[in-house]
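A.B. asks: Build me a model from this:
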Amino acid sequence: MKKYALVLILLLLSINFVSAEKTILIDKYHDTDNWWGDPEGTGRTLSQELGSLGFKNKINTAPFTDETLRGVDIVLLWNPNNPLEENEITALTKFVENGGSLLILGSHEMDMIEPTRESVNALLEPFGIRLMKNGTDDPTNRQGCSCTPIIHNLAKHPINDDITSIILYKPASLELKENAIAIARGDNDTFAIGSEPLGGENVIVVAVSEKGNGKVAVVGSSFIFDNGKIGDLNNKQFAKNLFTWLGDTSKQSIPPWSLYLSIVLAIFLVYILYLKKRNIKK
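C.D. replies: Predicted coordinates:
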């Protein structure tokens, strides 16, 4: 029976190796500019860095459905400028609750049209995060123009490991409810201007939420990980930490159905081999 047990162990180990690679679905269907996050364009550096960590990219050019989300680990909405439909919101919500991860990179009030922001916020509502209608500045912590704040007020969280500061361009701030967690926020003189003004530490620019078996992260700026900004300050390491956290499904309470099926097949195989050995002895 020892060799049969060894067969079972090897099979289960092979399952872990197969599932180690994580797939990021980069949405282009809602990016009518066809500019944001292209792995061969504005997202090239990010793609290369994440590739070294075992992530692979997949481009989405169709509405979100259960089928388009099949086999995906992380969905990336990179500054969407085309509103989400109600059935897409339903599919994405189900995707997260079943163990998927969602990352939304937004933008300030003037760069995101109202119907798009409303649809994104409808998606985010169950997760306690809302993109606000404003833009963030910090007069004593900025690089260049007033729309490029440097954020150093960071929460203790795996996403912020080895991070001292990040820089964003044209970020909107976020409103949090329920169990959502602020990852990065302003300091005493940070402020957000626009339809929904805020000040100080109330200005939140990065937040996360967990619900069901899935995870959601929202960054107020769509520029933070593009080729022009990812190399500034700690943005590159922040990107690696963020995607690693989103891709970590070790806390899922229910393994995927394929794992169950593989275990059943492995046990069945061992049982058949055992019966065969018994019959030979008879």
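A.B. asks: Skipping adjacent residues, who's closest to Phe55 in space?
C.D. replies: Once flanking residues are discounted, Phe55 sits nearest to Lys22: 5.1 Å by C-beta to C-beta, 6 or more residues apart in numbering. All C-beta spots, glycine's among them, are computed from the backbone N, C-alpha and C.
A.B. asks: What distance do you get for the one you found to Pro83?
C.D. replies: 28 Å (C-beta to C-beta, to the nearest Å).
A.B. asks: sorry, back to before: so the residue nearest to Phe55 sits against Lys56, correct?
C.D. replies: Yes: taking C-beta atoms under 8 Å as the definition, Lys22 is a contact partner of Lys56 at 7.4 Å.
A.B. asks: Which one's more surrounded, these two?
C.D. replies: It is Lys22, of Lys22 and Lys56, that has more neighbours when counted by other C-beta atoms under 10 Å, with 20 against 13.
A.B. asks: Please report phi then psi for the more buried one.
C.D. replies: Dihedral angles phi and psi of Lys22 (degrees, to the nearest 10) take the values phi -110, psi 140.
A.B. asks: Model confidence for the residue nearest to Phe55, exactly?
C.D. replies: The pLDDT attached to Lys22 in the predicted structure is 95.
A.B. asks: mind listing what it touches?
C.D. replies: The contact partners of Lys22, taken as C-beta atoms under 8 Å, 6 or more residues apart in numbering, are 54-56, 73-74, 247.
A.B. asks: Point out where the stretch 101-250 of the chain drops to low pLDDT.
C.D. replies: 250 (pLDDT under 70).
A.B. asks: Show me which of the contacts of Lys22 is closest to Pro158.
C.D. replies: Closest to Pro158 out of those is Gly247 (11.8 Å), distances taken as C-beta to C-beta.
A.B. asks: Against Val75, how distant is the closest one?
C.D. replies: When distance is defined by C-beta to C-beta, Gly247 is 12 Å away from Val75.
A.B. asks: which residues are in contact with both of these two?
C.D. replies: The overlap between the contact sets of Gly247 and Val75 (C-beta under 8 Å, 6+ apart) consists of Ser101.
A.B. asks: Of these two, give the one with the bigger neighbour count.
C.D. replies: Neighbours around Gly247 and Val75, counted as other C-beta under 10 Å, are more numerous at Val75. The numbers are 26 against 21.
A.B. asks: Please compute how far the helix or strand containing the more buried one lies from its chain's middle.
C.D. replies: Using DSSP states H and E, Val75 falls within strand 74-78. From the chain centre to the centre of strand 74-78 is a distance of 6 Å (C-alpha atoms, centre = their mean, to the nearest Å).
A.B. asks: can you list contacts of the following helix or strand past it?
C.D. replies: Of the helices and strands lying after strand 74-78 in sequence (DSSP H and E), the nearest is helix 86-97. Taking contacts as C-beta under 8 Å, 6+ apart, the residues outside helix 86-97 that touch it are 63-66, 68-69, 72, 75, 84, 102, 119, 122-123, 126-127, 211-216.
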